[in-house]
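>>> No letters, just coordinates:
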Ligand SMILES: [Zn+2]
């Protein structure tokens with residue numbers, strides 16, 4: 001139903017709440033607006049929320065997007081942990097869980113667990129299968145933008161080219177979208193806290209180092225999906241062997257796996273990033289000193305990102321950055337010293353406020369924006385010749 005999607009978008013963005021707003025902003029005839037509103041109300045996507053502020057004469061009814069008109073499931077997979085969540089259509093977390101996983105155990109081991117826990121959080125949120133609008137899966141590796149497959153991921157042994165949605169075999173209506181973890185985190189942070197900013201760089205320091213780029217308000221994935229791969233740029237004077245097989249990548253010094261390797265070489269019991277994070281949280285002086293000492297290397301790489309992208313905000317997130325606040329100061333110092341004054345005069349560099357929930361919240365936004373894009377809504381509200389009465393699952397799926 002042409003036009004309904006556009007009206008829904010105006011309400012969802014907060015630009016319009018009344019018929020008058022909708023008519024003015026859409027340029028549609030009043031009768032068209034009335035008709036499309038009927039459709040959106042009948043589909044349960046809009047709710048009438050009572051009288052808006054009176055403009056004299058009749059008191060207009062205002063409309064709101066119905067955040068309860070379905071849920072989104074998200075699995076944000078990291079190298080060693082998985083956040084599984086059920087969110088409403090405003091990306092609020094209704095139920096969530098955290099699991100220790102070993103992503104390198106491969107998809108045959110990990111995906112059945114993911115499918116089982118997605119079902120569990122859906123039940124925990126008290127919602128049925130047909131309420132699911134879509135599922136987002138975040139992965140700690142590069143994702144082919146067209147095929148949505150993981151491609152040659154350095155830390156994801158056995159995942160290369162795996163069709164994650166097919167292998168998950170989920171019973172829900174709606175799309176299953178696979179996205180790089182740092183992209184989801186960037187989206188989560190942007191859509192929640194930085195909505196008025198157009199250009200944001202999110203840098204994740206966890207087991208690996210990666211980034212997600214928001215350009216002109218949208219995720220910038222690049223032509224293949226490899227944009228933002230900041231971990232594998234060369235650091236001046238670095239020569240450590242990286243997981244990608246090359247030498248001198250900044251990740252081989254700054255990444256959680258590299259920090260674990262360095263501490264282990266010094267005789268500490270650190271097999272993986274998670275062990276380093278535990279030491280940082282316990283305020284272990286040696287671990288803290290090491291993370292601070294690699295801050296300038298990260299700062300140099302971020303300074304290059306700032307020169308290329310000219311973001312208004314750089315957000316630092318991921319397990320390691322979350323566990324050691326001082327990493328931020330080291331990065332700030334280098335970035336402000338190394339970048340052009342024009343790039344830094346209004347630049348803010350701060351820590352992620354969403355912390356370990358950034359990926360989950362970003363995943364919810366990814367699905368919500370996909371499913372409620374104007375053309376997708378129009379398509380779903382098209383009357384179907386053989387669908388009588390219209391069945392809800394059909395309306396909800398894409
Ligand atoms: Zn590398």
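Happy to help now that I have it. Everything quoted here is computed from the prediction, not taken from an experiment.

>>> how about the helix or strand residue 288 falls within: buried residues?
According to DSSP states H and E, residue 288 maps onto helix 285-309. Within helix 285-309, the residues scored as buried using 16 or more other Cβ atoms under 10 Å are 287-288, 290-291, 294-306, 309. Placement of C-beta: from N, CA and C, glycine included.

>>> same question, stretch 81-101
81-89, 91, 93-96, 101.

>>> just stretch 355-372 next, same as before
So stretch 355-372, judged by 16+ other Cβ under 10 Å, has buried residues 356-372.

>>> so what does the following helix or strand past the helix holding residue 288 touch, helix or strand wise?
Using DSSP H and E, the next helix or strand after helix 285-309 towards the C-terminus is strand 313-317. Helices and strands touching strand 313-317, by 3 or more Cβ pairs under 8 Å, 6 or more residues apart in numbering; DSSP states H and E, are helix 181-193, strand 200-205, helix 285-309, helix 326-338, strand 348-351.

>>> circling back: how far away from the center of its chain is the helix holding residue 288?
23 Å (Cα atoms, centre = their mean, to the nearest Å).

>>> relative to strand 200-205, how tilted is it?
Relative orientation of helix 285-309 and strand 200-205, computed by axes from the mean of the first three to the mean of the last three Cα atoms, to 10 degrees: 150 degrees.

>>> In terms of helices and strands, where is residue 259?
Using DSSP H and E, the element containing residue 259 is helix 256-265.

>>> Within the sheet, what are the partner strands of the helix or strand harbouring residue 179, with directions?
Per DSSP H and E, residue 179 falls inside strand 176-180. In the sheet, strand 176-180 lines up against strand 132-139 (parallel) (DSSP bridges).

>>> Against which helices or strands is the following helix or strand past the partner strand packed?
Using DSSP H and E, the next helix or strand after strand 132-139 towards the C-terminus is helix 164-168. Applying 3+ Cβ pairs under 8 Å, 6+ apart, one finds that helix 164-168 contacts helix 107-124, strand 132-139, strand 176-180.

>>> Show me the shaky parts of the protein.
Applying pLDDT under 70 to the chain flags residues 1, 51-60, 384-398.

>>> got the buried residues for the next helix or strand after the helix holding residue 259?
Remark: after helix 256-265, the chain's next helix or strand is helix 273-281, criterion DSSP H and E. Under the neighbour-count criterion of 16+ other Cβ under 10 Å, helix 273-281 has 273-277, 279-280 buried.

>>> Looking at these, spot the one nearest residue 219.
residue 273 (25.0 Å; Cβ to Cβ).

>>> Distance check, that closest one against the ion.
Taking Cβ to the ion, to the nearest Å as the measure, residue 273 falls 16 Å from the ion.

>>> That residue and residue 363, how far apart?
Per Cβ to Cβ, to the nearest Å, residue 273 is found 21 Å from residue 363.

>>> Same check on residue 278?
26 Å.

>>> what residues does the stretch 201-350 of the chain put near the ion?
Applying Cβ under 5 Å from the ion, we find that the stretch 201-350 of the chain lies next to the ion at 232, 242, 244, 249.

>>> Look at the residue lying closest to the last one once chain neighbours are set aside and say how many residues are nearby.
The one in question is residue 249. Using Cβ to Cβ, 6 or more residues apart in numbering and skipping residues adjacent in sequence, the residue nearest residue 249 is residue 242, 3.9 Å away. The tally of other residues near residue 242 (other Cβ atoms under 10 Å) stands at 22.

>>> quick one on the thing from earlier: for the buried residues of helix 273-281, please prepare JSON lines with the additional fields distance to residue 315.
Converted to JSON lines, the buried residues of helix 273-281 look like this (distance: Cβ to Cβ, whole Å):
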{"residue": "273", "distance to residue 315": "19"}
{"residue": "274", "distance to residue 315": "22"}
{"residue": "275", "distance to residue 315": "25"}
{"residue": "276", "distance to residue 315": "21"}
{"residue": "277", "distance to residue 315": "19"}
{"residue": "279", "distance to residue 315": "24"}
{"residue": "280", "distance to residue 315": "19"}
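
>>> nearest to residue 157, of the residues you listed?
The closest of those, once distances to residue 157 are taken by Cβ to Cβ, is residue 273, at 15.9 Å.

>>> From the ion, how far off is the closest residue to that closest one other than its chain neighbours?
Among residues not flanking residue 273 along the chain, residue 256 sits closest, at 2.7 Å (Cβ to Cβ, 6+ apart). For residue 256, the distance to the ion equals 14 Å [Cβ to the ion].

>>> got it, and residue 195?
For residue 195 relative to the ion (Cβ to the ion), the value is 33 Å.

>>> burial count for that residue?
Neighbours of residue 195 under the rule other Cβ under 10 Å: 10.

>>> SS state for it?
Using DSSP: H, G, I helix; E, B strand; the rest coil, the structure places residue 195 in coil.

>>> residue of the stretch 51-200 of the chain with the smallest distance to the ion?
residue 154 (6.8 Å; Cβ to the ion).

>>> Now do the contacts for that residue.
Contacts for residue 154 (Cβ atoms under 8 Å, 6 or more residues apart in numbering) come out as 141, 208, 242-244.

>>> next one: residue 135
72-75, 118, 165, 168, 170, 172, 174-177, 367.

>>> Select only the buried ones of those in PyMOL?
Remark: buried members of the contacts of residue 135, expressed as a PyMOL selection using 16+ other Cβ under 10 Å:
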select buried, resi 72+73+74+75+118+165+168+170+172+174+175+176+177+367
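
>>> Now render the contacts of residue 135 as JSON lines, adding distance to the ion.
Formatted as JSON lines, those follow (distance: Cβ to the ion, whole Å):
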{"residue": "72", "distance to the ion": "33"}
{"residue": "73", "distance to the ion": "32"}
{"residue": "74", "distance to the ion": "28"}
{"residue": "75", "distance to the ion": "26"}
{"residue": "118", "distance to the ion": "32"}
{"residue": "165", "distance to the ion": "28"}
{"residue": "168", "distance to the ion": "29"}
{"residue": "170", "distance to the ion": "33"}
{"residue": "172", "distance to the ion": "36"}
{"residue": "174", "distance to the ion": "36"}
{"residue": "175", "distance to the ion": "32"}
{"residue": "176", "distance to the ion": "29"}
{"residue": "177", "distance to the ion": "26"}
{"residue": "367", "distance to the ion": "31"}
